[in-house]
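Chemist: pasting the sequence and the predicted model now:
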Amino acid sequence: MLKAKGAGAHEVSTYKRELAELAAKAGSASLPTADELCNPESTIDWAVLVRAIHTQRASVDEILRKLHFRRERAFDSRAITNIRRFLLAGYSMTCDARYLNELLWFARDRGKGLDRQVRELAVALFADNTDQSGRHVFPHASQEVLTRDIKSFCDKSNALETSPCHGLRVGLLGSPSFFVQIRKQLIELGADPRCYLVRHHSDRLPRALLRSKMLLQAYLTAKGARFPFEDLGFDPASPAIGAALRRDKIEVCYHKLGFIIKKGTIDGPRLGIINDHWGALPYVRGRSTIEWSLFHGIPMAVTTHLVDEGIDTGRLLAMFDYSRAIAGMTKVSQVRRVVKEDAVRRAILSICRLANAANPVVPNPSSVGATFYSMHADIERHLEGVILARQSGACR
């Protein structure tokens, strides 16, 4: 779709003017909900919804989030029309690629593609929002500000060093396969690491592996995870998880869990649970963060932070910049490999910082940046085929 012929400048300016005129007519009616957008019997007050895209970002973001979780559902054609109309208006008025991303997902509609006008407007808007390198504008912060902030935090994190952790009780939450080297280095630093397994994952294949004792044991043996761990069962919300951490007087946790961590678990360790987020917080939250960072030209950084009940909203510990290490790479998988290979170093430095620093955490304002969702294949093809390809050519 992103390569299709788009509408002309006149059609785009006409569409934007129509949206502005519609928003100006908005009355005092309440904002339509995601449920109403998805209900073909609903009467949508489009003037109110279009105006809210600019004036009620948090509420409209919630509509976007709920639509994201309904990507796979079957909808009446009238509901699909409503959803697409909202997403196209959102993209036009905000230059926020998250709207385009969801529009592409909903374009897979049961054998019916986007109608011609919507498709051409979306393609033309995309062209307006990308520069000569193919990168898309990031409307949530200026490039100057986010680059400055990321560099400053990374420079401070570069000064971090490992330090003795005598007697520190560290909880390692997740499959023992992730923790072979982390556990070894913690023991060398004098810590007391303990591993806790929860047999659940939000993705189907890892979940199947975790739920089969025989397959899991074979996998752990192959990965060299030949050390004791406590099996806490299959329920990600089980109070037994937090109870085990409190019972063992765990001070710091580092996790590699494949699901959203519940409050009972968060409250288990004294100092908190560390998450390794593959993006620069607070600017890029959520999923496909490597892809969205590259797509927007945001420095490729990884942030370690404390887990709270929000999505990547916990206070920040450290940030690690991989922009130079990935220069010239043409595949997302190559970038992901570079980030993954340095995970042990990030974990150890972040555990030491949380345990030993006087003021280990910094704010992570929820009003900054955006929460992203899994990237559509069409956008990823643009990322690799245009952005990374051109970047690779410039690096030669």
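Modeler: Noted; the coordinates are in hand.

Chemist: worst-scoring helix or strand of the protein, pLDDT-wise?
Modeler: helix 389-395 (a mean of 81; mean pLDDT, DSSP states H and E).

Chemist: which strands and helices sit next to it?
Modeler: Taking 3 or more Cβ pairs under 8 Å, 6 or more residues apart in numbering; DSSP states H and E as contact, there are no helices or strands that helix 389-395 lies on. (Glycine included, C-beta is placed from N, CA and C.)

Chemist: what about that helix, distance to the chain center?
Modeler: How far helix 389-395 lies from its chain's middle: 26 Å, per Cα atoms, centre = their mean, to the nearest Å.

Chemist: show me what counts as buried in it.
Modeler: Burial within helix 389-395, assessed by neighbour count using 16 or more other Cβ atoms under 10 Å, is assigned to Gln391.

Chemist: now do the strands in the stretch 101-250 of the chain.
Modeler: Residue ranges of the strands in the stretch 101-250 of the chain, as given by DSSP state E, counting those that start in this stretch, are 169-174, 192-197, 230-231.

Chemist: quick one: the first one to strand 192-197, angle?
Modeler: Put plainly, it is strand 169-174. 20 degrees (axes from the mean of the first three to the mean of the last three Cα atoms, to 10 degrees).

Chemist: strands paired with strand 169-174, and their directions?
Modeler: strand 192-197 (parallel), strand 252-256 (parallel) (DSSP bridges).

Chemist: thinking again about what came up before, now do the least confident helix or strand of the chain: everything it contacts.
Modeler: Under the contact criterion Cβ atoms under 8 Å, 6 or more residues apart in numbering, helix 389-395 has outside partners Ser133, Gly134, Ala327, Gly328, Met329, Thr330.

Chemist: try 7 Å
Modeler: For helix 389-395, contacts defined as Cβ atoms under 7 Å, 6 or more residues apart in numbering pick out Ser133, Gly134, Ala327, Gly328, Thr330.

Chemist: out of those residues, which are buried?
Modeler: The neighbour-count test (16+ other Cβ under 10 Å) marks Gly134, Thr330 as buried among the contacts of helix 389-395.

Chemist: which of the contacts of helix 389-395 lies closest to Tyr373?
Modeler: Among the contacts of helix 389-395, Gly134 lies closest to Tyr373 (Cβ to Cβ), at 20.8 Å.

Chemist: now that closest one: closest residue in space, sequence neighbours ignored.
Modeler: Nearest residue to Gly134, sequence neighbours excluded (Cβ to Cβ, 6 or more residues apart in numbering): Val386, at 3.7 Å.

Chemist: quick one, which of the strands of the stretch 101-250 of the chain is nearest to Leu354?
Modeler: That would be strand 169-174 among those, by Cβ to Cβ, at 9.9 Å.

Chemist: give the rounded mean pLDDT of that closest one.
Modeler: On average, the pLDDT along strand 169-174 is 98.

Chemist: contacts for that strand, please.
Modeler: 179, 182-183, 186, 191-196, 245, 248-257, 269, 273, 351.

Chemist: now, of those, which are buried?
Modeler: For the contacts of strand 169-174, a neighbour count by 16+ other Cβ under 10 Å gives the buried set as 179, 182-183, 186, 191-196, 245, 248, 250-257, 269, 273, 351.

Chemist: what about dumping the CA coordinates of the helix ranked longest in the chain to CSV?
Modeler: For the chain, the longest helix by residue count, based on DSSP state H, is helix 77-94. Output of helix 77-94 as CSV, limited to C-alpha atoms (Å, rounded to 0.1, in the frame of the first residue of the first chain):
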residue,chain,number,x,y,z
SER,A,77,-18.7,-3.2,6.9
ARG,A,78,-20.3,-0.1,8.5
ALA,A,79,-18.1,-0.5,11.6
ILE,A,80,-15.0,-1.0,9.5
THR,A,81,-15.9,2.2,7.6
ASN,A,82,-16.2,4.1,11.0
ILE,A,83,-12.9,2.7,12.2
ARG,A,84,-11.0,3.6,9.0
ARG,A,85,-12.5,7.0,9.0
PHE,A,86,-11.3,7.7,12.5
LEU,A,87,-7.8,6.3,11.8
LEU,A,88,-7.4,8.3,8.6
ALA,A,89,-8.6,11.5,10.4
GLY,A,90,-6.2,10.8,13.3
TYR,A,91,-3.2,10.4,11.0
SER,A,92,-4.0,13.5,9.0
MET,A,93,-4.5,15.7,12.0
THR,A,94,-1.5,14.5,14.1
